[in-house]
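**Student:** Turn this into a model:
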Amino acid sequence: MSHAPVPYQPFELRGDALREAVIAYAANPVYTDNEEWENSDNPYRRQLRPQVLPYLDFDRVPGRAQVLEYSSLAAQRLLTSVYEADLVFFPKAGLGKLTEDFRRYYSPDNRARGEMIRPALERFAFGFLDQEVEVSGDWTTEGLLTYLEGLDVYAQGEASPAEKAIRDSADPRRAARMWLIQFAPDFLSEASPMARNVLGYYGPEQSEWFKILIDEYGYGVHDTKHSTLFEATLESVGLGSDVHRYWQYYLVSSLALNNYFHYLGKNHENFFRYVGALYYTESTLVDFCRRAESLLADVFEGAADARYFSEHVHIDQHHGRMALDKLVKPLIERHGEQIIPEIVRGIEEFRLLSTIADDDFATQIAWMDDADRYKELHAPVYAAIQEGRVTVPVADIVEPHGELSNTHSHEGDELCHIVSGTMRFVSGFNSYRILEAGEGTVIQRNRLHGAIIESDECVYQIYSVGDHRTCLS
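**Tutor:** Numbers count the residues shown, from 1 in each chain. Purely as a prediction, here's the structure:
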């Protein structure tokens, strides 16, 4: 008896099934809200704010204008946790009493639930790139080489918006520490996404890529491993170097940059995009790291250990040439010019994500620096609401001593007004203002923030003002 074949249906969760799967994934105890700002030597704890996830819609593709909103931050946090279940993390002090967290994070059910929601979250997080990056026309090897030459990847460029924000900050050292924190998701497990592409079987190019990988790992010498050098950088400026200690302070765009490489490496249909992004990042890191080394030297007056960056100035000149001569060109020769659009797409997508991240960080530093001004804005905005000149939604909240609002953001401006008690309002690493009864602050849209209650009880109100400037007009 013959049977008709079962039609193939691509797997992808949608609608209520997706929402329920996300909620089930985040129910793992390692993802609950924290009681402290930092995850001290516990790489398995990742605060996903599970109580908020039922109200977020991941069943869509946000445009570029929405990629800094809270739903995007939530998606990037989820994806970081899903991707890193493929990696091995141990606390510096050993497992000890974290054995249960270790088992929960690497458990089969956690990994299976993560894989179920990953495709939909990737579509949500990176789908906008399909709208923003267009690679059209008939590409030839000669045309690609002309395009790459036009990128001028080894040229000495100007300081990025992020670097300018640090130098111009009211507190350059605080800003520089916040900047280094943004690199931690990538640099402390450096080259882990890349390792996804050196497994399997695909000829001499595989061995050439492996050479780049083992350079990143210090050729087996732990003291020269790039992540070890970055640990020294963090510690030299007074920061901890344990994995995800500063989870609360990662910006959405910083997570997106790191997750992008996991996204490409995890989905091997994007192999050639990764090749393009690899070539571009390895080549442009030369000038970036030269500038970063100078920046840290100036800001910390020579006290910062910048060997991580000086090493990349040297090694990435070599890696950029390797990526072009040993990967890009041979792969085209082997697989044909049909792969060139994917190589170009990887370059352009990474460039776009880098631009977004630079602007996001610069805006966050300005928000941190302007904390006093936003606190002063509370009075006129609150007066406009109380006088009835504007009508906006309000939430009344009562919280006990020690209650920590893990970091998050809002899609529009918010006004925080303290009715009674004391709140420590946090706008970034080592950036906070104390708010007493009758005081408050305007919370800028898409800006990372959190709070902790310092009185026995705090009664406060959150007004969703949309754009605080409309209240003042």
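**Student:** check which helix or strand covers residue 231.
**Tutor:** For residue 231, the host element (DSSP states H and E) is helix 226-236.
**Student:** list the helices and strands the strand ranked longest in the chain packs on?
**Tutor:** For the chain, the strand with the greatest residue count under DSSP state E is strand 457-466. Contact partners of strand 457-466 among helices and strands, from 3 or more C-beta pairs under 8 Å, 6 or more residues apart in numbering; DSSP states H and E: helix 371-386, strand 394-400, strand 413-420. (Each C-beta comes from the backbone N, C-alpha and C, glycine too.)
**Student:** Just the buried positions in the first one, please.
**Tutor:** Going back to what we said before, that points to helix 371-386. Neighbour-count burial for helix 371-386 flags 371, 374-375, 377-378, 381-382, 384-385 (criterion: 16 or more other C-beta atoms under 10 Å).
**Student:** Against residue 281, how distant is residue 454?
**Tutor:** Per C-beta to C-beta, to the nearest Å, residue 454 is found 43 Å from residue 281.
**Student:** Please name the residues that touch residue 136.
**Tutor:** Not one residue lies near residue 136 by C-beta atoms under 8 Å, 6 or more residues apart in numbering.
**Student:** change it to 10 Å
**Tutor:** Residue 136 sits next to residue 341 when contact means C-beta atoms under 10 Å, 6 or more residues apart in numbering.
**Student:** can I assume it sits in a strand?
**Tutor:** No. Going by DSSP: H, G, I helix; E, B strand; the rest coil, the assignment for residue 136 is coil, not a strand.
**Student:** okay, and for this protein, where does confidence drop off?
**Tutor:** Applying pLDDT under 70 to the chain flags the ranges 1-2, 314-316.
**Student:** what about the strands in it?
**Tutor:** Using DSSP E, the strands of the chain run over 394-400, 404-408, 413-420, 423-428, 431-435, 440-443, 449-453, 457-466.
**Student:** Which strands border the first one, and is each parallel or antiparallel?
**Tutor:** Counting by DSSP bridges, the strands paired with strand 394-400 are strand 457-466 (antiparallel).
**Student:** Pick out whichever of residue 454 and residue 281 has more residues nearby.
**Tutor:** residue 281 (22 against 16; other C-beta atoms under 10 Å).
**Student:** Nearest residue to that one in space, please, no chain neighbours.
**Tutor:** residue 350 (6.3 Å; C-beta to C-beta, 6 or more residues apart in numbering).
**Student:** I figured that neighbour was touching residue 283, is that so?
**Tutor:** No. Contact between residue 350 and residue 283 fails when scored by C-beta atoms under 10 Å: they sit 11.3 Å apart.
**Student:** Between those two, which is the more surrounded one?
**Tutor:** Ranked by neighbour count (other C-beta under 10 Å), residue 350 and residue 283 place residue 350 first, with 25 against 22.
**Student:** List the residues that contact that one.
**Tutor:** Contacts for residue 350 (C-beta under 10 Å, 6+ apart) come out as 129, 133, 257, 260-261, 264, 273-274, 276-281, 284.
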